[in-house]
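# sequence first, predicted model second:
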Amino acid sequence: ADHMTWEVTDLGFRMGLSPKVPAVLAAHVHGLVEQVLSKHGRSIADVDGWAVHPGGPKILDVVQERLGLPAAALADSRAVLAAHGNCSSPTVLLVLNELRRRPVPPQRIVMLAFGPGLTLYVTLLEGSTLAA
């Protein structure tokens with residue numbers, strides 16, 4: 001419960017992020033992604049777009065390494081992190097928007113987000129509805 005916290009202050013929300021987060025992700029991200037994909041008859045190799053919440057460079061490094069992805073797979077997540085920083089939950093939607101704006105948008109996108117406590121969320125988006 002202490003890996004990712006939110007505190008309401010007089011000045012707004014203050015987020016706390018434990019340095020243990022990358023290790024927790026490393027232990028669970030591959031199994032969870034494979035589990036979700038297998039429910040749809042898919043594998044990591046079938047995915048042509050990755051919208052990964054850019055909580056920080058170490059988080060992206062862990063996801064890339066554990067899923068065996070090439071650097072280009074997380075280029076949009078890294079670009080959004082560089083341009084906007086970690087904007088909390090909406091940041092993954094900025095990454096999804098970048099993927100959808102490509103001249104040829106991906107047809108199968110895995111979207112990964114992380115939440116309080118440290119909760120991992122994974123969804124598979126497929127089809128022509130991904131076009132901008």
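Structure's in. What do you need?
# what segments of the protein are strands?
When assigned using DSSP state E, the strands of the chain occupy the ranges 4-9, 12-17, 49-52, 108-115, 119-126.
# the residue nearest the centre of the chain pairs with what?
Nearest to the geometric centre of the chain sits residue 52, at 2.0 Å (CA atoms, centre = their mean). Beta-bridge pairing for residue 52 (DSSP bridges): residue 112.
# contact partners for it?
Applying CB atoms under 8 Å, 6 or more residues apart in numbering to residue 52 gives the contacts 59-60, 63, 74, 77, 92, 95, 111-112. Every residue, glycine included, has its C-beta placed from N, CA and C.
# go on, residue 108?
Per CB under 8 Å, 6+ apart, neighbours of residue 108: 42, 46-49, 124-126.
# buried subset of these?
Neighbour-count burial (16 or more other CB atoms under 10 Å) applied to the contacts of residue 108 gives 42, 47, 49, 124-125.
# now do the residue nearest to the centre of the chain against residue 114, distance only.
Residue 52 sits 9 Å away from residue 114, going by CB to CB, to the nearest Å.
# give the residues shared as contacts by those two.
With CB under 8 Å, 6+ apart as the test, residue 52 and residue 114 both reach residue 59.
# of the contacts of residue 52, buried ones?
59-60, 63, 74, 77, 92, 95, 111-112.
# nearest to residue 38 among the residues you listed?
Nearest to residue 38 among the buried ones among the contacts of residue 52, counting by CB to CB, is residue 112 at 16.0 Å.
# OK, contacts around the closest one?
Residues near residue 112 by CB under 8 Å, 6+ apart: 29, 33, 50-53, 63, 92, 120-122.
# rerun at 7 Å
Applying CB atoms under 7 Å, 6 or more residues apart in numbering, one finds that residue 112 lies in contact with 52-53, 63, 121-122.
# what of residue 34?
Counted by CB under 7 Å, 6+ apart, residue 34 has contacts residue 44.
# pLDDT score for it?
pLDDT, residue 34: 96.
# same question for residue 108.
Residue 108 is given a pLDDT of 96.
# kindly state the beta-bridge partners for it.
residue 126.
# what about it, distance to residue 100?
For residue 108 relative to residue 100 (CB to CB), the value is 13 Å.
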